[in-house]
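In: make a model of this:
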Amino acid sequence: MLVPQAESSAGPLAGGGETGVLMRSFEWSRTPLGPVEGWPQSLRTIVSTCLNSRFPILVWWGPDLVMLYNDAYRDIVGSKHPHALGAPGREVWPEIWPIIGPMLDGVISRGEATWSENTLLRLVRRGFPEECYFTFSYSPIRDESGGIGGVFTAVTETTEQVLNARRLRILRELAAATGGAGDAEDVCQAAAEVLGTDAADAPYALVYLAEGDGARLAASVGIDPAGPLAPARLDPADTTWSAMDVLHVGASKKIDQVPAPGSGSALVLPILAQGENRATGVLVAGLSEYLVLDDPYRGFLGLVAGQIGSAIATARAFEDARRRAESLAELDRAKTAFFSNVSHEFRTPLTLLLGPLEELLRGEVKPGGERGAVALAHRNALRLLRLVNTLLDFSRIEAGRIQASYVPTDLATVTADLASTFRSSVERAGLRLRVECPPLREPVYVDREMWEKIVLNLLSNAFKFTLEGEIAVSLRVAGRSVELRVEDTGTGIPQHELSRVFERFHRVEGAKGRTQEGTGIGLSLLQELVRLHGGSVRVDSAPGKGSAFIVSVPLGTDHLPGDRVGAATTLASTGLGSAPFVEEASRWISDPTADVPPERARAAAGERRERVLVADDNADMRDYLRRLLAERWEVEAVADGAQALAAIRRRRPDVVLSDVMMPGLDGFGLVAALRADHDTASLPIVLLSARAGEEAQAEGRSSGADDYLVKPFSARDLVARVRANLDLGQARSQTIS
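Out: Below is the predicted model:
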């Protein structure tokens, strides 16, 4: 107990060490207690007993509640020692007297002891109001008269335990809140919400995420997000929080004189994510005005920043995994669509190849029709060859085995010649073809076969999706590059599809064109061929206004691999020239005499024949089906579902034979439209499709079709299916009537 020490004759108050020296120098006669000799015996006994206790003990004595305490209590008094010794409590603790004063008065007046646990008392013992917690008891001390002369206090400071428990709770809540966050933004928002419940440790907080050469505000709490202390972005020149220094150095930094809630200081800490080479962001934590930034306080804020960094790393890992999974799923969907498209692309020409050959082998072709059957088979054999070569080119590029031979080329002449091969088909379709390829000042190094594929693919696409207007091909020098521009006034590409037109396997759904045929790798292959020339390709388009594909290829040879300039290629060529492209394009043009409504073509027959309506976007397939069926029934052939619907409403057929994949209104859409109309709900419908398997057939029948025929099919099977469905239609008519 820090009490006055008399000389060695003072008996029970004698003591040695620092306490004894201090107490011997203390003049108690100047205090309300007076000389030690005049103290009541009860007080002298308590003081003597508690003198060497290692626990903090305080005695309040007399009407002024003078403070007597031992050495262990000195840490609680802090800078107020030794002036607090023997001084009235009201003078020593004015900042907490409104709290403890009434408690002491109650003990003295009623003689009842009290107990307080983890009570917050903001002591000023280091020059500022400090957040302190104490567990203490007040017990009355009886004097010789039997009255209450003072109060005995056993006290334990629990500040460290309370702060640790509070901070541990915040860390647990922070881990729980950020553990399930979806992305880095969610982590920062969740962290800010948790920190908002702990204003005692962090009056405000800002979380910035590194972005480019700066950082952007991801979350804030306890501070105006629109104010000057919470800029939306911190750039390298910003000095508000010295965040860039913290980001680059990776060490925390204390910022003083901050005009914000709290002590006027803040700690800026790096947010370090595991596996990152640099800080992923910074945490700006306002410091409490009631706490000293000691090691535990700094360590707690460091753990907060670490938890945020760990959660961000986890969220980004999950996000990366999710994106990879989505990418794989999208690739799987694209591959499924690709194989479905390829199946269609192979099965249609296979039907038109096998069918005529089988007829020839069985001798079922009419005299004089042999040449037409062979020509049909030949055309579709070439189409199959072109498809195989396209897939071969694509696989070579994917495997890195493509071999180019770059030679100086008069690119203007080559391009103009290739474009002119389409002129006849373009003009037959009622379009204009404009070619502007003036001579260039120097030859351009290209692989001629690849360049041919680039130009022919662009022209073929333009023709497929341009139903009126014109197609323009131009070639010009732009700086140190040459630009090929193929423009059309076609259907155009929706804005949300522009970024995906060059993706492999991707096809623009619902695009209105002359045919639905295609594999979905043409533009992707084209882009790769352009890249092999060190060039680039882009597209400008708007729905209903047309598209412009621009290919840019550098001049000279510096951008090309030196060993391939003028080199010979050892791989088999996949080039077929322009003939297959032009031949296929010509088949997309409807022949106005081929699809004459049968009521006019057979008006002279004088008898009613059962009618079959054929819908298919492939001209060869329409002709083939018409020829197979026309010997037995009246046949009308149209190019898509919309034309079929119009023809049916004009004159109802007895059965509908429709392809599934057609531009605009496809086979499934046609079935749905017919089944929804009372007048055509019972009309027999047979679907033709390249999609094989039980699931495809089940899907076809569940759509409302009566039959589903997979390509390639035999002529006899087709005739038998049509016959069966004509009988079905008659049975339905009799039932209805």
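
In: for Glu330, see how far away the spatially most central residue of the chain is.
Out: Nearest to the centroid of the C-alpha atoms of the chain, with distances taken as CA atoms, centre = their mean, sits Arg323, at 6.7 Å. In this view, Arg323 and Glu330 are 10 Å apart by CB to CB, to the nearest Å. Backbone N, C-alpha and C define where each C-beta goes, glycine included.

In: my read: Val486 touches Gly546, true?
Out: No - in this structure Val486 lies outside contact range of Gly546 using CB atoms under 8 Å: 10.7 Å.

In: which helix in the chain runs the most residues?
Out: helix 295-362 (DSSP state H).

In: now find how far off-centre that helix is within its chain.
Out: Averaging C-alpha positions (CA atoms, centre = their mean, to the nearest Å) puts helix 295-362 13 Å from its chain's average.

In: mean confidence for the helix or strand that comes right after that helix?
Out: Heading C-terminal from helix 295-362, the first helix or strand you meet, by DSSP states H and E, is helix 370-399. Mean pLDDT, helix 370-399: 76.

In: who does the helix or strand following helix 370-399 pair up with?
Out: Using DSSP H and E, the helix or strand that directly follows helix 370-399 along the chain is strand 407-409. Strand 407-409 has these partner strands in its sheet, going by DSSP bridges: strand 444-446 (antiparallel).

In: in the partner strand, what's buried?
Out: Neighbour-count burial for strand 444-446 flags 444-446 (criterion: 16 or more other CB atoms under 10 Å).

In: could you do stretch 680-690 as well?
Out: Buried residues in stretch 680-690, defined by neighbour count with 16+ other CB under 10 Å: 680, 683-690.

In: equivalent analysis for stretch 215-228, please.
Out: Neighbour-count burial for stretch 215-228 flags 215, 217-223 (criterion: 16+ other CB under 10 Å).

In: kindly export the helix or strand Val722 falls within (C-alpha atoms) in PDB.
Out: Using DSSP H and E, Val722 sits within helix 715-736. The C-alpha coordinates for helix 715-736 follow below in PDB (Å, rounded to 0.1, in the frame of the first residue of the first chain):
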ATOM      1  CA  ALA A 715     -36.400 -42.900-101.500                       C
ATOM      2  CA  ARG A 716     -38.600 -45.900-100.700                       C
ATOM      3  CA  ASP A 717     -38.700 -45.100 -97.000                       C
ATOM      4  CA  LEU A 718     -39.700 -41.500 -97.800                       C
ATOM      5  CA  VAL A 719     -42.500 -42.600-100.100                       C
ATOM      6  CA  ALA A 720     -43.800 -45.100 -97.600                       C
ATOM      7  CA  ARG A 721     -43.800 -42.500 -94.800                       C
ATOM      8  CA  VAL A 722     -45.700 -40.000 -97.000                       C
ATOM      9  CA  ARG A 723     -48.200 -42.600 -98.000                       C
ATOM     10  CA  ALA A 724     -48.800 -43.600 -94.400                       C
ATOM     11  CA  ASN A 725     -49.400 -40.000 -93.300                       C
ATOM     12  CA  LEU A 726     -51.700 -39.400 -96.200                       C
ATOM     13  CA  ASP A 727     -53.800 -42.300 -95.000                       C
ATOM     14  CA  LEU A 728     -53.600 -40.900 -91.500                       C
ATOM     15  CA  GLY A 729     -54.900 -37.600 -92.800                       C
ATOM     16  CA  GLN A 730     -57.900 -39.300 -94.500                       C
ATOM     17  CA  ALA A 731     -58.700 -41.200 -91.300                       C
ATOM     18  CA  ARG A 732     -58.700 -38.000 -89.300                       C
ATOM     19  CA  SER A 733     -60.900 -36.300 -91.800                       C
ATOM     20  CA  GLN A 734     -63.500 -39.100 -91.700                       C
ATOM     21  CA  THR A 735     -63.400 -39.100 -87.900                       C
ATOM     22  CA  ILE A 736     -64.000 -35.300 -87.800                       C
END
